[in-house]
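Engineer: I would like to see how this sequence folds:
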Amino acid sequence: MQGRVGLNQRNFRAMKKTLLTGILLFLSAVPAPISADEKAQGFTALQADKAGADYGFQGEYAGKIRSNDTEVDLGLQVIAEGQGRFAWVAWVGGLPGAGWNGETPLRGAGERQGDVVILKGDTGRGEVRGGSVSVYNMENVRVAELSRVQRMSPTLGRKPPEGAIVLFDGSSADEFEGGRLSDDKLLMQGCTSRKKLGSGELHVEFLLPWMPNARGQGRGNSGVYLQGRYEVQVLDSFGLTGEQNECGGIYSISKPLLNMCLPPLAWQTYDIQFKAAQFGADGKKQADGLITVRHNGVVIHEQVKLTHATTAAPVAEGAEPGPLYLQDHGNQVRYRNIWFNPAKP
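Structural biologist: Below you'll find the model as predicted:
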């Protein structure tokens, strides 16, 4: 999951110093006023053409940065924070899951001014034209050329194997208590599967809403609860640090190995291997459950012990199977292509 970077320590320090002194990025786009709807705290869009002026700036970029005689891969994430405000994160080695070398990423803030977004650092500048970012150092030497990338999970559209339980295929929401279909035949948040599930593999695809003015747990929040007990968090955590209460986190138990959250309005996947907890005849737990999670095809948890049920879980820990619960936290998260393949006895 980490890229190989041919870089000696001297050049790495010099390159990092170049970045730390600040990158000033100008992201070009067609200027547009901020509407009254976009200024509302709860402004939400589920389609790109409804997302407003800032949407075209947010996203991921990748390329190489030059320091002394060395070129190193660099990933950049640009995050909209509402009403023309932005944040940026730079990942040496490449984007998370695509080469990042594990070093602490570099972060900064910025704002849209007319038809550009300025992401501010101490010195330096950059320009985005036609989907690419040119970054210049303080001596006005171009040190990086980054191109926009739109990553897709390799498990999108994954087909259920023979014997799997299909919970949602877009035809109806009948497999869920409280199940509701959106106008475009997607499953809405806030429902519980009628079938009870034990150990096995879960595949689920989800789409996070565009909520640029929101922050933290109020930004695209839902959750995938195995057996109604153990939550794998669903949240717009694009560009965040990757904590246990952020996207991919096993809530209150374990943060992901890396933050694989894509930008909102991009379809994402969880592929989860789950082994249920074991209980004795006296009802006491003898062994914790185990979970391995792949987020957008990348392992973010491997054989993690589920030491307790999530605090907000609708089902208490126990020996009996439990449902799949898709939490409603008041945000418009959408789901599709959900199936569960029971473990063989």
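
Engineer: G59 contacts R151, correct?
Structural biologist: No - here G59 does not reach R151: they are 9.8 Å apart, not a contact under Cβ atoms under 8 Å. C-beta: built from backbone N, CA, C; applies to glycine.

Engineer: next structured bit after the helix or strand that contains A144?
Structural biologist: If you go by DSSP states H and E, A144 is part of strand 142-149. Scanning forward in sequence from strand 142-149 by DSSP H and E, the next helix or strand is strand 165-168.

Engineer: partners of that following strand in the sheet?
Structural biologist: Applying DSSP bridges, strand 165-168 is found paired with strand 334-342 (antiparallel).

Engineer: So for the partner strand, what gets flagged as buried?
Structural biologist: Within strand 334-342, the residues that qualify as buried are 334-341, counting by 16 or more other Cβ atoms under 10 Å.

Engineer: same thing with stretch 182-202?
Structural biologist: Quick answer for stretch 182-202 (16+ other Cβ under 10 Å): 186-193, 197-202.

Engineer: got the end-to-end distance for it?
Structural biologist: Stretch 182-202 has an end-to-end distance of 22 Å (criterion: Cα to Cα, to the nearest Å).

Engineer: excluding its backbone neighbours, what's nearest L106?
Structural biologist: Closest residue in space to L106, ignoring its immediate chain neighbours: A90 at 4.3 Å, by Cβ to Cβ, 6 or more residues apart in numbering.

Engineer: and the one you found, what element?
Structural biologist: strand 85-92.

Engineer: Only alpha carbons, please: show that strand as CSV.
Structural biologist: Provided in CSV are the C-alpha atoms of strand 85-92 (Å, rounded to 0.1, in the frame of the first residue of the first chain):
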residue,chain,number,x,y,z
ARG,A,85,-13.2,28.1,1.2
PHE,A,86,-10.9,25.2,0.5
ALA,A,87,-8.3,23.0,2.2
TRP,A,88,-5.5,21.1,0.5
VAL,A,89,-3.4,18.0,1.4
ALA,A,90,-0.2,17.0,-0.3
TRP,A,91,1.0,13.3,-0.1
VAL,A,92,4.6,12.5,-0.9
